[in-house]
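**Q** coords please:
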Amino acid sequence: MSRKVLIPLLYLYALAFSVLKTLRLPNQWAVAHWMLDYRFGFIKRGLAGETFGLFFTKNESSIGILSAVILGLLYLCIVLIAVKETYRQNCSMYSVAFCLIFFLSQYMVFSAHLIGYLDHVVFLMAVLILYLIGKKQVFLPSLLASVSILVHEISFFIMFPISVLALLIPFLSGEKLSFLHLRNSGAIKRIVLFSVLPVLTLISVYAFQESNERNLYPLIHQYLIHTGFITPKYADSVASAYTKSFSYYFADESKHFFQRIFVSRCSVWYGLPILFMMLMLFKIMKKDYISIFIFILAVSVVPLLLHAIAWDTFRIWAFPFMVLFLGFYITGSQLRTQPADKRRLTIAETVFFTVAFLLITLIPNFLFDGQSERFSLPVRLIIDLPMLAAVFYLNKQVPAVYSRDVHESIKK
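**A** Coordinates of the predicted model:
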């Protein structure tokens, strides 16, 4: 079978496996977020529900349909980006291994489990923002970034850093990042122009949240209960999340920051697959753009700072997978690097891939609401076999030694 046929099928198979593990209807936490708007005045995360309510009646059915559409659009964007960039890299094993681990990652598993969460809107907008930045636009991406922060404030940790990096890329001086060149080329000016609106928006949300702690709690709590489909337990947790200050959460959660990053089971369970994706991205970019690669590594771990203000450790650890994928996207669309050499994965790389693969496919994720993943261990092993067979088949197809001269002659 042609590599250009097998690879998209492999990605879709992996995506289906990840989604079917945990797919469900939006839970009450997600539904409650879409029910909230600006009826009681300005609140953080109120823009999504306000906009939705302008066009549709807000109930469980309409929210379920909207959530499915948003998640479907996000999956469509991800698949199209993965296939396009893999083709652009001449179907190199580095790109295949990178994308396959991503499609099987905890991020993809949680994306189905957390259907309806505003995170999906944030990442969908991030893809659009990066696309517009790639088209040399600044003001519209800045405006969309500000809107994204009003949808959910985590945008500043997830979308903003990778967007700033995307703005930097066109101003590379030769193959290395030169700050003198950035200053003289107008790059700093573009970054400032892009950053003003999102930063002011975040400051405004922060200031409001700090000065209005719990003032709206009774109104939000009663409103959610009166919808008839939000229980008092979820009404309380959502109302608290919308009204407690950031400083309250920082004081409560920051003491667990070190443990959640360095000595939790996520440090290994999520950390090894993340490290493998970083290695594959380095192989794709080669040493030509080491400065940009380092920047991508930095922005990919920025979401982990959320451990200082939030308790949902597993969800936060899933964000670096998506940020790395967005880094993969902008390096392909902006840097226009030469396709990675067609080389087999080395024995060490194959072992690393297998370890990462087994970690994310065989170990069940910790899910919310007392739920557990579908598929028993024997079934998972059976599902894994076609993917492993496809990867080793694709790897075996590549000549053991594939020089750049041979690659260039084939292109001609």
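
**Q** could you list the buried residues of stretch 283-291?
**A** For stretch 283-291, the neighbour count (16 or more other CB atoms under 10 Å) marks 283, 284, 285, 289 as buried. Backbone N, C-alpha and C define where each C-beta goes, glycine included.

**Q** hmm, residue 94 and the first one touching each other?
**A** Spelled out, that is residue 283. Yes - between residue 283 and residue 94 a contact is recorded at 4.3 Å, counting by CB atoms under 8 Å.

**Q** residue 40 versus residue 247, what's the distance?
**A** Distance check for residue 247 against residue 40: by CB to CB, to the nearest Å, it reads 22 Å.

**Q** so, low pLDDT: which residues of the stretch 251-400 of the chain?
**A** Along the stretch 251-400 of the chain, segments meeting pLDDT under 70 span 287-288, 336-342, 400.

**Q** can you lay out the buried residues of stretch 283-291 as TSV showing secondary structure?
**A** Listed next are the buried residues of stretch 283-291 as TSV, based on DSSP: H, G, I helix; E, B strand; the rest coil:
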residue	secondary structure
283	helix
284	helix
285	helix
289	helix
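
**Q** can I get the residues you listed in TSV including distance to residue 397?
**A** Below are the buried residues of stretch 283-291 laid out as TSV (distance: CB to CB, whole Å):
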residue	distance to residue 397
283	18
284	18
285	23
289	27
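
**Q** tell me which of those residues is nearest to residue 79?
**A** Comparing the buried residues of stretch 283-291 against residue 79 with CB to CB places residue 284 closest, at 18.4 Å.

**Q** biggest helix in the chain, by residue count?
**A** As assigned by DSSP state H, the longest helix anywhere in the chain is helix 60-88.

**Q** from the contact counts, what lies against the next helix or strand along the chain from it?
**A** For helix 60-88, the following helix or strand on the C-terminal side (DSSP states H and E) is helix 93-104. In terms of contacts (3 or more CB pairs under 8 Å, 6 or more residues apart in numbering; DSSP states H and E), helix 93-104 is packed against helix 3-22, helix 60-88, helix 271-285, helix 313-330, helix 347-362, helix 377-397.

**Q** and of those helices, who's closest to residue 198?
**A** The minimum distance between residue 198 and those falls on helix 313-330, with 16.4 Å, by CB to CB.

**Q** which stretches of the stretch 101-250 of the chain form helices?
**A** Taking DSSP state H, counting those that start in this stretch to define them, one finds helices in the stretch 101-250 of the chain at 106-113, 118-134, 139-151, 155-158, 160-168, 179-185, 187-211, 217-226, 232-243, 246-253.

**Q** out of these, which one sits most buried?
**A** Using mean count of other CB atoms under 10 Å, the stretch among these with the largest mean neighbour count is helix 106-113, at a mean of 25.

**Q** and it, how far out from the chain middle?
**A** Distance of helix 106-113 from its chain centroid, counting by CA atoms, centre = their mean, to the nearest Å, is 10 Å.

**Q** show me what that helix is packed against.
**A** The contact analysis (3+ CB pairs under 8 Å, 6+ apart) places helix 106-113 against helix 3-22, helix 60-88, helix 313-330.

**Q** just those helices: most buried one?
**A** Highest mean neighbour count among these (mean count of other CB under 10 Å): helix 313-330, a mean of 24.

**Q** what is the orientation angle of it with helix 93-104?
**A** 150 degrees (axes from the mean of the first three to the mean of the last three CA atoms, to 10 degrees).

**Q** could you export helix 313-330 as PDB, CA atoms only?
**A** Output of helix 313-330 as PDB, limited to C-alpha atoms (Å, rounded to 0.1, in the frame of the first residue of the first chain):
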ATOM      1  CA  THR A 313      -3.500  17.800  37.100                       C
ATOM      2  CA  PHE A 314      -4.200  15.300  34.300                       C
ATOM      3  CA  ARG A 315      -6.000  17.800  32.100                       C
ATOM      4  CA  ILE A 316      -3.200  20.400  32.500                       C
ATOM      5  CA  TRP A 317      -0.500  17.800  31.700                       C
ATOM      6  CA  ALA A 318      -2.400  17.100  28.400                       C
ATOM      7  CA  PHE A 319      -1.900  20.700  27.100                       C
ATOM      8  CA  PRO A 320       1.800  20.400  26.100                       C
ATOM      9  CA  PHE A 321       0.900  17.700  23.600                       C
ATOM     10  CA  MET A 322      -1.300  20.200  21.700                       C
ATOM     11  CA  VAL A 323       1.100  23.100  22.000                       C
ATOM     12  CA  LEU A 324       3.900  20.900  20.500                       C
ATOM     13  CA  PHE A 325       1.600  19.900  17.700                       C
ATOM     14  CA  LEU A 326       0.900  23.600  17.000                       C
ATOM     15  CA  GLY A 327       4.700  24.100  17.000                       C
ATOM     16  CA  PHE A 328       4.900  21.400  14.400                       C
ATOM     17  CA  TYR A 329       2.300  23.200  12.400                       C
ATOM     18  CA  ILE A 330       4.000  26.600  12.500                       C
END
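
**Q** hmm, back to that, residue 54: which of the helices of the stretch 101-250 of the chain is closest?
**A** Residue 54 lies closest to helix 139-151 among those, at 14.4 Å (CB to CB).

**Q** show me what that closest one is packed against.
**A** When contacts are defined as 3+ CB pairs under 8 Å, 6+ apart, helix 139-151 packs onto helix 46-55, helix 118-134, helix 155-158, helix 160-168, helix 187-211.

**Q** got the ones you listed as JSON lines, with distance to residue 29 and mean pLDDT columns?
**A** Putting those into JSON lines (distance: least, CB to CB, whole Å; pLDDT from 0 to 100) gives the following:
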{"stretch": "helix 46-55", "distance to residue 29": "13", "mean pLDDT": "94"}
{"stretch": "helix 118-134", "distance to residue 29": "10", "mean pLDDT": "95"}
{"stretch": "helix 155-158", "distance to residue 29": "18", "mean pLDDT": "92"}
{"stretch": "helix 160-168", "distance to residue 29": "24", "mean pLDDT": "92"}
{"stretch": "helix 187-211", "distance to residue 29": "19", "mean pLDDT": "90"}
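
**Q** out of those, which comes closest to residue 98?
**A** With respect to residue 98, and counting by CB to CB, the nearest of the helices and strands packed on helix 139-151 is helix 160-168 at 16.3 Å.
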